[in-house]
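J.: Below is the sequence, then the predicted model.
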Amino acid sequence: MDFYTLAFIFTTFPPEVSGSSQYNWERVQWLAQQGIYRVVVLTPDFQNPSALPSVPSDLCERLIIEGYPSKPWLPYELNYVPTIAAERQISERLAYYKPDIITLVDIERAFLFSTWQFPGKRYAKENQIPYVTEYQTDYYNFAGSYPAWGFLRDIFIRPLTNYLYRQFDTTLVPSKLVNSNLKKIGIKNSHFVPFFGIDISLYSPQRRNRKYLEMWLSDEEKDNKVLLFLGRLSLEKRVDLLIEAFASLKSRQGKYSLIIAGDGPAAAVNKLKSLADSICNIYFIGFIHGEEKANLLASCDIFCNPSPHETFGRTVVEAMASGIPVVTVNSGAVSEYTIDNVNSYLVSHDDVEGFANTIEKALCADNTEIINRALEDANQLSSKQGCENLNQYYQHLLN
């Protein structure tokens, strides 16, 4: 046999717009390019199979993408999950492709309000192959951002999380901090592998051009310092904290503008827009992609990340690679590669005035050394490096 077959059962994959989705697409291509794997991707059909990404012609024999019947996920209807009937189809395709490893990503979505089963588990058990999952989304800590769920976190979410992840041989975790947190809540099969990363080739300080911002800023704002948030708009991302910090900055008579790029559940977006309604120079621009996103990142003056529970922090790395200073909360996996006043500026979680003061400090500073160090460090967080780490672990399992 001249190759191994890796089967990925995703709920997070293009055309969904998220950092995890983009990484999943990048890594299956990288793995297929190595010449030692056939990579089979089973992913939501998003009720529109033509929306799935096309496989590059040079990978058509090594990368197979098939959609399974899906539906919007009840807790977050922008995401799609397998229907109950999809579990049978997934089992049939696994029996056809005969994988050597099965990786099911985002078990919460694949089980809760979707299949109510563990797709691939029966095949893995019957054929004695590794059944692997990954902890990509920190639902346990996210719950603290929602009043009702914060109260129920240890009563309901903790035991449920333990039950879900006990079904697997291994839970891969992309950061040491998250791995430690999982051990504390009782998940004993977690294993640290820094598999996350980004394709940094798209991002560069050379893209900086103020003209890219003209479609959003008024003529009166041409000399303003432009702050940027980019990501999913949901309560756990704490964009409300950034808006409040921006209001504090505006009260100091500074000339500032804030661009908020991304989207999310209507209730969360409307709440943020209502909070920003009385503050001038805040712009909600929706999702942006590709070169437009890279141009925006390089052309703003500072990137602000108020989210405290990232399992990687993809947009933080993208900003570092784009050559703009980053102000981020000193929390979550982001704290493992950001160093205060060395490659970024760090601020305590939930500190509005501290966030505003740090942004002001960064905008007034000579950031040359911080930017140069951030550019170097971003290279260590590339998707290529993450995939190489993942490949080493797969080889360990297979051998």
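T.: Yes, it's here.

J.: ranges for the strands of the stretch 51-200 of the chain?
T.: Along the stretch 51-200 of the chain, the stretches classed as strands by DSSP state E, counting those that start in this stretch are 63-68, 70-73, 76-82, 101-105, 131-134, 170-173, 190-192.

J.: how about the shortest one: buried residues?
T.: Under the neighbour-count criterion of 16 or more other CB atoms under 10 Å, strand 190-192 has 190, 192 buried. Using the backbone N, CA and C atoms, a C-beta is placed for each residue, glycine as well.

J.: just to revisit the earlier point, export the strands of the stretch 51-200 of the chain as CSV, with columns for distance to residue 301 and mean pLDDT.
T.: Below are these laid out as CSV (distance: least, CB to CB, whole Å; pLDDT from 0 to 100):
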stretch, distance to residue 301, mean pLDDT
strand 63-68, 39, 97
strand 70-73, 36, 94
strand 76-82, 30, 89
strand 101-105, 36, 97
strand 131-134, 35, 97
strand 170-173, 34, 95
strand 190-192, 35, 93
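
J.: Determine which of the ones you listed approaches residue 375 most closely.
T.: strand 190-192 (25.8 Å; CB to CB).

J.: Can you list the strands that the helix or strand following that closest one pairs with?
T.: For strand 190-192, the following helix or strand on the C-terminal side (DSSP states H and E) is strand 225-230. Strand pairing for strand 225-230, using DSSP bridges, gives strand 256-261 (parallel), strand 302-305 (parallel).

J.: What residues sit buried inside the first one?
T.: If you call a residue buried by 16+ other CB under 10 Å, then strand 256-261 has these buried ones: 256, 257, 258, 259, 260, 261.

J.: in the sheet, who's paired with the residue nearest to residue 134 when sequence neighbours are not counted?
T.: Using CB to CB, 6 or more residues apart in numbering and skipping residues adjacent in sequence, the residue nearest residue 134 is residue 172, 4.6 Å away. Taking DSSP bridges as the rule, residue 172 bridges to residue 134, residue 191.

J.: What is the neighbour count of residue 172?
T.: The local packing of residue 172 (other CB atoms under 10 Å) involves 23 other residues.

J.: quick one: pLDDT of residue 144?
T.: Looking at residue 144, its pLDDT reads 61.

J.: repeat for residue 397
T.: Residue 397 is assigned 94 on the pLDDT scale.

J.: So which elements touch the strand or helix carrying it?
T.: Assigned by DSSP H and E, residue 397 belongs to helix 383-398. With contacts taken as 3 or more CB pairs under 8 Å, 6 or more residues apart in numbering; DSSP states H and E, helix 383-398 sits against strand 4-9, helix 19-33, strand 101-105, strand 170-173.

J.: switch the cut-off to 6 Å
T.: In terms of contacts (3 or more CB pairs under 6 Å, 6 or more residues apart in numbering; DSSP states H and E), helix 383-398 is packed against helix 19-33.

J.: okay, now residue 20: neighbour count?
T.: The number of residues packed near residue 20 is 21, by other CB under 10 Å.

J.: Who are the contact partners of the closest residue to it other than its chain neighbours?
T.: Nearest residue to residue 20 in three dimensions, chain neighbours excluded: residue 12, at 4.5 Å (CB to CB, 6+ apart). Shown in contact with residue 12 (CB atoms under 6 Å, 6 or more residues apart in numbering): 20, 21, 24, 106.
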